[in-house]
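Q: no sequence on hand, only this structure:
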């Protein structure tokens, strides 16, 4: 988070410094089970954990998925499938 703010060079007392820059991405070819494990290992419990961003192999955004869809989906499906 600090590195992102440093790169964007927001003033220390600006509203932009309050923005949560943490988020999770998973690859479209991951299974739901793999994605859940990845999220558990790499994301802190913040409001940003409500939505997961699905990206392709180049890191290009494909979709955003609410976490509830992960929980309710078959663990063998890929993120592309849901």
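A: Thanks, I have it. Keep in mind the model is a prediction, meaning the values are calculated, not measured.

Q: what's the mean pLDDT across stretch 57-69?
A: Here stretch 57-69 scores 93 as its mean pLDDT.

Q: check the chain for its longest helix and report it.
A: In the chain, assigned by DSSP state H, the helix with the most residues is helix 32-42.

Q: gap between the next helix or strand after that helix and the chain center?
A: Of the helices and strands lying after helix 32-42 in sequence (DSSP states H and E), the nearest is strand 51-55. Distance of strand 51-55 from its chain centroid, counting by Cα atoms, centre = their mean, to the nearest Å, is 5 Å.

Q: for the following helix or strand past strand 51-55, buried residues please.
A: Following strand 51-55 in sequence order, the next helix or strand is strand 61-66 (DSSP H and E). Neighbour counts over strand 61-66 (16 or more other Cβ atoms under 10 Å) mark residue 65 as buried. Where you see a C-beta, it was placed from the backbone N, CA and C, and this is true even at glycine.

Q: quick check: angle from strand 61-66 to strand 51-55?
A: 160 degrees (axes from the mean of the first three to the mean of the last three Cα atoms, to 10 degrees).

Q: list the strands paired with strand 61-66, with their directions.
A: strand 51-55 (antiparallel) (DSSP bridges).

Q: so the strand it pairs with versus helix 32-42, what angle?
A: Angle, strand 51-55 to helix 32-42, by the same axes, to 10 degrees: 110 degrees.

Q: all set, thanks.
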